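K.L.:
Test case, fold it:
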Amino acid sequence: MRGLMLAFSFHFSAAARGDSWFAADKAKHFFASAFVESTSFSLLRAAGTSRHAGLIGAAAAASAVGVGKELADIRFGGDPSVKDLAWDGAGIATMNLLLRHTQP
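P.N.:
Numbering: from 1, shown residues only. Coordinates of the predicted model:
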């Protein structure tokens, strides 16, 4: 039930402010998520984790930051958006793909 309420709050808040799929805010979400994942991966690898564990941990960290930001928007009067989360996911997926093809 909480998940359904969260989805509705995302939808109606975004609809009320005219949330566009291609606003400047979406590019910020994409690149911020990619940056968090890249930085997290580097820190995890420097700490001695395997590449696989580093990729999973970095994706989890970037996801937590993105979801946390949207939850903070709900709690503190911001503008939560499923579209923001989608762009976060796109940044995470893109950086994960790039990191998978770097030299070990």
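K.L.:
Which residue ranges of the protein form helices?
P.N.:
Ranges of helices within the chain are 2-16, 24-46, 51-75, 82-100, based on DSSP state H.
K.L.:
Would you reformat these as JSON lines and include mean neighbour count and mean pLDDT?
P.N.:
Using the backbone N, CA and C atoms, a C-beta is placed for each residue, glycine as well. Converted to JSON lines, those look like this (neighbours: other Cβ atoms under 10 Å; pLDDT from 0 to 100):
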{"stretch": "helix 2-16", "mean neighbour count": "12", "mean pLDDT": "52"}
{"stretch": "helix 24-46", "mean neighbour count": "18", "mean pLDDT": "97"}
{"stretch": "helix 51-75", "mean neighbour count": "16", "mean pLDDT": "97"}
{"stretch": "helix 82-100", "mean neighbour count": "18", "mean pLDDT": "97"}
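K.L.:
quick one: Val65 and Ala34 touch, right?
P.N.:
No: using Cβ atoms under 8 Å, Val65 is not in contact with Ala34; the gap is 11.4 Å.
K.L.:
I'd like to know how far Thr102 sits from Ala64.
P.N.:
In this view, Thr102 and Ala64 are 23 Å apart by Cβ to Cβ, to the nearest Å.
K.L.:
If you could redo that for Leu43, that was the one I meant.
P.N.:
Taking Cβ to Cβ, one finds Leu43 at 14 Å from Ala64.
K.L.:
Also Ala93?
P.N.:
Taken as Cβ to Cβ, the span from Ala93 to Ala64 is 16 Å.
K.L.:
what's the answer for Ala58, then?
P.N.:
Taking Cβ to Cβ, one finds Ala58 at 11 Å from Ala64.
K.L.:
for Asp79, same thing?
P.N.:
Asp79 is 20 Å from Ala64, by Cβ to Cβ.
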